[in-house]
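Trainee: what would the 3D arrangement of this be:
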Amino acid sequence: MGIKIVSTGSFLPNKVLTNFDLEKMVDTSDEWITTRTGIKERRISEEETTSDLAAKAALRALSEKNPEDVDLIVVATATPDAFFPSTACKVQSKLANKKAIAFDISAACTGFIYGLYVADSIMRTKGIDRALVIGAERFSKIVNWKDRTTCILFGDGAGAALLEKSNEEGILGFDLGADGAYGDLLNVPSVGSNEEFPFYIRMKGNEVFKVAVRTMVESSIRVLEKTGISPSEIKLLVPHQANVRIIKAVAERLKISNDRIFINVNKYGNTSAASIPIALDEAIKTGRLKKGDLVLLVAFGGGFTWGSCVLKV
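Mentor: Below you'll find the predicted structure:
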């Protein structure tokens, strides 16, 4: 018995915030942002909540399925609608599903890969045949729009993957990790801390870059070794979409050529846990990935967390 991703879906808000728009808001420029990040624009949710974004992405992944048949809903998010109930429970309600186990995962930008691991593990050990793993974020609500070092980076969106039991193996292996000693590099405090509201993203960019590249490369090497797959066999690298320089540094160290990297950070910015499922959905829908292709997913996130996964689509 194997587990496969049988369909994907994504949803992006309609509002586009360009670098030229940001030039009017903070002391920055299109050239500065593009050179350092590769980002040209990002999407901003004006009314849709995180659960709205997640449910719309889920419905697109379920376009040929009945939402009532989903047994498990895992939502990876750092920007939930509420502390409780979970965003996953809200998504379950919006899908008119009455039977699914539903809960959230908080692993920042690595959340979708963590979610895949949890869903895969549960499906292999329990009587669950069908699971939705969703990455959804509304980072525009926790960005300090006066901080030019962070407000240029993030956007809103959601991506979803439907997993089913299969006669063939689709999820070939994982490597996951975390090191809380790096927690101060990228964080947002909350009600359990001693800090005063409002709570905004805080990031030490240079340090994040170094740790991100190292952990993503090391995790990728480990998962390829576990699965017995060489980098040359990977059809497409689908990395967390944080920064073009990080992505290309990782690919270079893995000896994966530019034509085998999927990049859409230029259009959407960093959508945290949503970035990999959005990118995976686009790669499939645009024909960059075809049945039988091997895919390497890899991410890092605040925590510090990291993770990688090899898929056969």
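Trainee: residues contacting residue 97?
Mentor: 67-68, 70, 73 (CB atoms under 8 Å, 6 or more residues apart in numbering). For every residue, glycine as well, the C-beta is placed using N, CA and C.
Trainee: where does residue 173 land in three-state SS?
Mentor: strand (DSSP: H, G, I helix; E, B strand; the rest coil).
Trainee: distance of it from residue 245?
Mentor: 28 Å (CB to CB, to the nearest Å).
Trainee: next: residue 64.
Mentor: For residue 64, the distance to residue 245 - CB to CB - is 38 Å.
Trainee: which one of the two is surrounded by more residues?
Mentor: Under the neighbour definition other CB atoms under 10 Å, residue 64 and residue 245 were set side by side, and residue 245 has more, 14 against 8.
Trainee: I'd assumed the more buried one was in a helix, is it?
Mentor: Yes - judged by three-state DSSP, residue 245 forms part of a helix.
Trainee: skipping adjacent residues, who's closest to residue 8 in space?
Mentor: Once flanking residues are discounted, residue 8 sits nearest to residue 281: 4.0 Å by CB to CB, 6 or more residues apart in numbering.
Trainee: looking at it, the one you found is touching residue 157, isn't it?
Mentor: No - counting by CB atoms under 8 Å, residue 281 stays clear of residue 157, with 10.4 Å between them.
Trainee: anything in contact with each of those two?
Mentor: Residues touching both residue 281 and residue 157 (CB under 8 Å, 6+ apart): residue 10.
Trainee: neighbour count: the two, which is higher?
Mentor: More crowded of residue 281 and residue 157, by other CB under 10 Å: residue 157, with 31 against 23.
Trainee: what's across from that one in the sheet?
Mentor: Assessed by DSSP bridges, residue 157 has beta-bridge partners residue 137.
Trainee: now do residue 5
Mentor: residue 163.
Trainee: so how far is residue 210 from it?
Mentor: Residue 5 is 32 Å from residue 210, by CB to CB.
Trainee: neighbour count winner among those two?
Mentor: residue 5 (22 against 13).
Trainee: wait, what's in contact with the residue nearest in space to the middle of the chain?
Mentor: With distances taken as CA atoms, centre = their mean, the residue of the chain nearest its centroid is residue 273 (2.9 Å). Residues in contact with residue 273 (CB under 8 Å, 6+ apart) are 76-78, 107-112, 115, 135-137, 301.
Trainee: dump the residues you listed to JSON lines, plus pLDDT and neighbour count.
Mentor: Shown next, in JSON lines, are these (pLDDT from 0 to 100; neighbours: other CB atoms under 10 Å):
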{"residue": "76", "pLDDT": "98", "neighbour count": "33"}
{"residue": "77", "pLDDT": "98", "neighbour count": "31"}
{"residue": "78", "pLDDT": "97", "neighbour count": "25"}
{"residue": "107", "pLDDT": "98", "neighbour count": "26"}
{"residue": "108", "pLDDT": "97", "neighbour count": "23"}
{"residue": "109", "pLDDT": "98", "neighbour count": "30"}
{"residue": "110", "pLDDT": "98", "neighbour count": "33"}
{"residue": "111", "pLDDT": "98", "neighbour count": "34"}
{"residue": "112", "pLDDT": "99", "neighbour count": "35"}
{"residue": "115", "pLDDT": "98", "neighbour count": "30"}
{"residue": "135", "pLDDT": "99", "neighbour count": "37"}
{"residue": "136", "pLDDT": "98", "neighbour count": "40"}
{"residue": "137", "pLDDT": "98", "neighbour count": "32"}
{"residue": "301", "pLDDT": "97", "neighbour count": "28"}
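Trainee: looking at those residues, which is nearest residue 35?
Mentor: Residue 35 lies nearest to residue 109 out of the contacts of residue 273, by CB to CB, at 22.1 Å.
Trainee: in the sheet, who's paired with the nearest residue to the closest one once chain neighbours are set aside?
Mentor: Using CB to CB, 6+ apart and skipping residues adjacent in sequence, the residue nearest residue 109 is residue 301, 3.3 Å away. As for beta bridges, residue 301 partners with residue 305 under DSSP bridges.
Trainee: now do the same contact list for residue 301.
Mentor: Contacts of residue 301 (CB under 8 Å, 6+ apart): 107-111, 186, 240, 272-273.
Trainee: so which of these are in strands?
Mentor: residue 186 (DSSP state E).
Trainee: and which of the contacts of residue 301 is nearest to residue 47?
Mentor: Distances from residue 47 to these, taken by CB to CB, are shortest for residue 272, at 19.7 Å.
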